[in-house]
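K.L.:
Let me see the structure of the following:
(one chain, ligands or ions: 1)
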Amino acid sequence: MSQQQGLGPRRAALYMLDQVTGEGKLLPEVIGEGALQHLSPEDRARAQRLATETLRGLARADRMLARFLQKTPPLQVRNVLRLCTVELAGGEAAHGVVNAGVEMVARNKRTSSMKGLVNAVLRKVASEGPEGWAKLALPRMPGWLRKPLKDAYGPEVIAAIEAVQFAGAPLDITVKGDVKAANDVLKGEILPTGSIRLKDAGQVSALPGFEAGDWWVQDAAAAIPVLVLDPQKGEKILDLCAAPGGKTMQLAAAGADVTAVDASEGRMIRVGENLKRTGLSAKTVKSDAFAFTEDGFDAILLDAPCSATGTIRRHPDLPYAKDGSEFGMLIDQQARMIDHALSLLKPGGRLVFCTCSLLPDEGEVQVEEALERHAGLKVEAAALERSGIDAAWRTEDGGLRLRPDYWAEQGGMDGFYIAQLRKPQ
Ligand SMILES: C[S@@+](CC[C@H](N)C(=O)[O-])C[C@H]1O[C@@H](n2cnc3c(N)ncnc32)[C@H](O)[C@@H]1O
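P.N.:
Below is the predicted model:
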């Protein structure tokens, strides 16, 4: 690839890095705002891959760069250095990467005076080669997140989680019909809980069965809440925070009479598209959960908005875009959502509460406090006895704690907390 050809995706990746680390935006947000619009599909994929890989290795790149920098340069220069360091670590030709780094800094008036520094530092990084990179300790999560997680799980578990996060995630698929038949075509691995896992899947829409709507992409852990809820044909089930609809489709595929609610208009459009592609049906309602008051549901799935700290292996931007300041608001909202969901459930109905968070405050503690607020409410540990759900994942309170380092050898899973609550008669 010529240097000019490489600059488009690199500059787009750099812009995304600046937006994440400087403006606190998540990658999907930056992409949604048009960051990649000017690029060809191929370059778009390359820019996205570069930004994602840089974020995944960011703490390691900083460690490498610290050896060659006397003082910390401005963020835009630091991000050029980080991007190029990760490319060099990946074995990209040194000449092209160093020139591209210098060019990116030179093009910006505010940073052009630092091109000599960038040139010198990147040459030193290049001389370390991928071997020097491999010797560095694995990237750690930033302190605001590492500290509460270390307090909850201990240092060994956190190191194991960080190793899985650094390795990235395979592609998991939930199948609408017969899993074995689908896997005969997809040729992946059928996981104990029934998801199909593909390593190096490439472009999702090009995989067999996508067009026909035979399956959808869903992390194996994200498919477990519906296994726990165990939807029955004809049951009236509410999916209260539904978009983009992975769990709605599972519920509909089981033959339940599903109502899918979500507050986000854009994300609700995706639910509609997903249902259309898979030929599944559900009633879709764009509404704030608290404004939705239809009641009498047999079961409710509450996949509440949360810190998403369980999804970092697929979203390495999260630790750098966020700072933990939203935790309090989210925790309070989750508690109110549990209360509201219980009010919509018929007596004796079941509520599956889940979050893709690793913070006990968004999982175990929520259930403990809900039991204190609602007399007669029970946790149903028996609901966890589903095929493929490992008994070792169960918590003392009768819920499930899923961690990214479970199934580490096969690529891990998203972190989740899941519990089924039974409303008294
Ligand atoms: C964890 S995601 C849901 C993922 C979804 N269950 C799935 O499996 O595809 C949380 C969702 O909650 C929605 N949300 C956030 N606040 C909400 C509110 N007050 N009322 C309804 N939906 C809300 C967000 O738009 C987001 O789509």
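K.L.:
only C-alpha atoms for contact and neighbour calcs from this point on.
P.N.:
OK.
K.L.:
Tell me which other helices or strands the lengthiest strand in the chain touches.
P.N.:
Longest among the strand segments of the chain by residue count, using DSSP state E, is strand 345-355. Using 3 or more C-alpha pairs under 8 Å, 6 or more residues apart in numbering; DSSP states H and E as the contact test, the elements touching strand 345-355 are helix 224-229, strand 297-303, helix 327-344, strand 416-422.
K.L.:
Pairing partners for that strand, with directions?
P.N.:
Sheet partners assigned to strand 345-355 using DSSP bridges are listed as strand 297-303 (parallel), strand 416-422 (antiparallel).
K.L.:
out of the ones you listed, deepest packed?
P.N.:
Ranked by mean neighbour count, the strands paired with strand 345-355 are led by strand 416-422 with a mean of 27 (mean count of other C-alpha atoms under 10 Å).
K.L.:
check whether that strand contacts the ligand.
P.N.:
No. Remark: strand 416-422 sits outside contact range of the ligand, by C-alpha under 6 Å from any ligand atom, the gap being at least 10.4 Å.
K.L.:
Can you dump the C-alpha atoms of that strand in PDB for me?
P.N.:
C-alpha atoms of strand 416-422 as PDB (Å, rounded to 0.1, in the frame of the first residue of the first chain):
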ATOM      1  CA  PHE A 416     -23.300 -10.100  32.500                       C
ATOM      2  CA  TYR A 417     -25.400 -10.400  35.600                       C
ATOM      3  CA  ILE A 418     -28.700 -12.200  35.300                       C
ATOM      4  CA  ALA A 419     -31.400 -13.200  37.800                       C
ATOM      5  CA  GLN A 420     -35.000 -14.300  37.500                       C
ATOM      6  CA  LEU A 421     -37.400 -12.800  40.000                       C
ATOM      7  CA  ARG A 422     -40.800 -14.200  40.700                       C
END
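K.L.:
about what we covered before: distance to Phe327 and mean pLDDT added to the strands paired with strand 345-355, as TSV?
P.N.:
Below are those laid out as TSV (distance: least, C-alpha to C-alpha, whole Å; pLDDT from 0 to 100):
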stretch	distance to Phe327	mean pLDDT
strand 297-303	16	98
strand 416-422	16	98
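K.L.:
now these in JSON lines, with distance to Asn183?
P.N.:
Listed next are these as JSON lines, based on distance: least, C-alpha to C-alpha, whole Å:
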{"stretch": "strand 297-303", "distance to Asn183": "28"}
{"stretch": "strand 416-422", "distance to Asn183": "25"}
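K.L.:
interface residues of this protein facing the ligand?
P.N.:
Going by C-alpha under 6 Å from any ligand atom, the residues of the chain near the ligand are 241-247, 262-264, 288-289, 303-305.
K.L.:
Angles on the backbone of the residue most central in space within the chain, please.
P.N.:
Closest residue to the average C-alpha location of the chain: Thr311 at 3.3 Å, with C-alpha atoms, centre = their mean. When quoted as degrees, to the nearest 10, the phi and psi of Thr311 stand at phi -110, psi 20.
K.L.:
List the contacts of it.
P.N.:
Neighbour list for Thr311: Cys356, Ser357, Asp414, Gly415 [criterion: C-alpha atoms under 8 Å, 6 or more residues apart in numbering].
K.L.:
if we can go back for a sec, so which bits of the longest strand of the chain are buried?
P.N.:
Leu345, Lys346, Gly349, Arg350, Leu351, Val352, Phe353, Cys354, Thr355 (16 or more other C-alpha atoms under 10 Å).
K.L.:
between whichever helix or strand comes after it and helix 327-344, how big is the angle?
P.N.:
Going down the chain from strand 345-355, the next helix or strand is helix 364-373, by DSSP states H and E. Using axes from the mean of the first three to the mean of the last three C-alpha atoms, to 10 degrees, the direction of helix 364-373 lies 50 degrees away from that of helix 327-344.
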